[in-house]
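# Attaching a predicted model along with its sequence, questions to come.
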Amino acid sequence: MGDGGPELREVDLAIVGAGPTGLFAAYYAGFRGLSTVLIDALPEPGGQVTAMYPEKQIYDIAGFPVIRGRDLVHNLVEQAQPYGPEYLLGVQASTLAYREDRPVLGLSDGTSLHCGAVLVTGGLGSFTARPLPAADEFPGTGIVYFVPHLDDLKGHNVVIVGGGDSAFDWALSLQPLAKSVTLIHRRDKFRAHAGTVARVRDLPVDIIVNAQVRRILGDERVEGVEVAVDGEEVRELPADTVVAALGFTADLGPLAQWGLELDKRHIKVDTTMATNQPRVFAAGDIAEYPGKVRLIAVGFGEAATAVNNAAIVIDPSAHLFPGHSSDNG
């Protein structure tokens with residue numbers, strides 16, 4: 001950047017993506033004594049866990065027989081908190097350049113960060129919920145794509161549209177709170193895990209298959225839905241809230257212009273989690289290498305590997321092995 005450009009803020013490590021992998025990376029960066037900034041386009045930490053399944057029970061986190069998504073995110077934020085990472089939320093990492101052989105990140109709010117290293121932990125990249133076609137002509141409120149707080153729908157007649165894991169997870173979580181739950185799917189086969197489908201079938205949830213929401217009823221707020229079953233029969237159902245759980249589309253967004261070596265929409269890394277760009281690392285679902293397994297548990301290990309290797313790039317006199325956390329007291 002030349003003279004007259006935005007003032008550069010100095011930071012040891014910029015983490016792009018504040019999901020579980022990014023949050024654990026912030027802890028490890030603090031443990032290594034690195035100043036850290038977490039950047040995320042979403043308005044709060046937690047990535048897809050916070051946005052899509054905060055109430056879902058997760059069973060494959062080491063040391064926790066089961067933990068709710070929201071609680072996992074809370075614990076990760078608390079774990080990193082003693083080291084004071086800075087959160088830049090609701091902004092996007094837009095551009096990557098170099099100055100004095102160190103990365104310069106340009107953010108969508110005009111901030112420029114001069115970084116010792118960059119770690120991309122952006123999950124699937126930028127993701128957008130697939131729209132509900134019937135919602136296009138409805139001007140009111142009451143149509144949602146995520147349910148961050150289940151209690152907001154307490155006592156509601158809830159109509160869930162979709163047949164995947166998210167749709168059935170919402171049905172399972174909302175049934176004890178809602179006045180009624182109806183799940184509508186355009187086919188008679190479901191993409192959701194068979195065990196979850198079986199659990200929902202055992203609940204007083206009305207499942208309507210081979211059906212589509214044709215119209216949203218109401219003026220300023222949802223009052224019901226008009227559903228076409230088998231393309232012919234039309235039913236009107238009461239509804240206070242419609243949850244459109246139709247999945248989402250994801251892309252790398254500005255990251256695709258950073259000159260990173262990609263495999264489709266994933267970033268190729270080596271065994272140190274380094275990318276082809278100097279001082280840029282990647283970890284979590286967005287990273288790709290032979291034998292990759294996309295699990296939160298794997299992302300945690302990749303975060304530690306990436307941060308410890310970034311530490312010796314930032315300071316060549318540092319040791320790769322971080323020492324044992326128990327020694328810090």
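Everything's here; your move. Numbers count the residues shown, from 1 in each chain.

# helices or strands next to whatever helix or strand L23 lives in in the packing?
Using DSSP states H and E, L23 falls within helix 20-31. Packing contacts for helix 20-31, counted by 3 or more CB pairs under 8 Å, 6 or more residues apart in numbering; DSSP states H and E, involve strand 8-16, strand 36-40, helix 47-52, helix 69-80, helix 296-314. C-beta: built from backbone N, CA, C; applies to glycine.

# Please repeat the previous calculation with a cut-off of 10 Å.
strand 8-16, strand 36-40, helix 47-52, helix 69-80, strand 86-89, strand 112-120, helix 296-314 (3 or more CB pairs under 10 Å, 6 or more residues apart in numbering; DSSP states H and E).

# Those: lowest mean pLDDT?
Among the helices and strands packed on helix 20-31, helix 47-52 has the lowest mean pLDDT, at a mean of 80.

# residues of stretch 97-115 that come out buried?
Within stretch 97-115, the residues that count as buried by 16 or more other CB atoms under 10 Å are 102-107, 111-115.

# scratch that, stretch 294-301
For stretch 294-301, burial by neighbour count (16+ other CB under 10 Å) applies to 296, 298-300.

# any idea how far it is from the chain center?
Centroid separation for stretch 294-301 versus its chain: 14 Å, with CA atoms, centre = their mean, to the nearest Å.

# contacting residues around the residue nearest to V49 when sequence neighbours are not counted?
Sequence neighbours aside, G69 is the residue nearest to V49 in space, at 4.4 Å (criterion: CB to CB, 6 or more residues apart in numbering). Counting by CB atoms under 10 Å, 6 or more residues apart in numbering, G69 makes contact with 20, 46, 48-58, 169, 296.

# repeat for A311
12-13, 28-29, 31-34, 116-117, 318-320, 322.

# okay if I get those as CSV plus neighbour count and distance to F146?
Output for the contacts of A311, formatted as CSV (neighbours: other CB atoms under 10 Å; distance: CB to CB, whole Å):
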residue, neighbour count, distance to F146
D12, 18, 33
L13, 29, 29
Y28, 26, 29
A29, 30, 29
F31, 20, 32
R32, 23, 34
G33, 12, 37
L34, 22, 32
G116, 19, 35
A117, 26, 32
A318, 16, 40
H319, 11, 42
L320, 10, 40
P322, 15, 36
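
# Between those, which sits nearest N276?
Distance to N276 across the contacts of A311 (CB to CB) is lowest for A117, with 14.3 Å.

# Quick check: bridge partners of that closest one?
Per DSSP bridges, the residues bridged to A117 are L13.

# Just the C-alphas of stretch 149-159, formatted as CSV.
Output in CSV follows, covering the C-alpha atoms of stretch 149-159 (Å, rounded to 0.1, in the frame of the first residue of the first chain):
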residue,chain,number,x,y,z
HIS,A,149,-33.4,-18.8,20.4
LEU,A,150,-36.0,-21.6,20.8
ASP,A,151,-37.9,-19.7,23.4
ASP,A,152,-38.8,-17.1,20.9
LEU,A,153,-41.2,-19.6,19.4
LYS,A,154,-42.8,-20.8,22.6
GLY,A,155,-46.5,-21.3,22.2
HIS,A,156,-46.4,-20.8,18.4
ASN,A,157,-47.9,-22.9,15.7
VAL,A,158,-44.7,-23.7,13.8
VAL,A,159,-44.6,-24.9,10.2
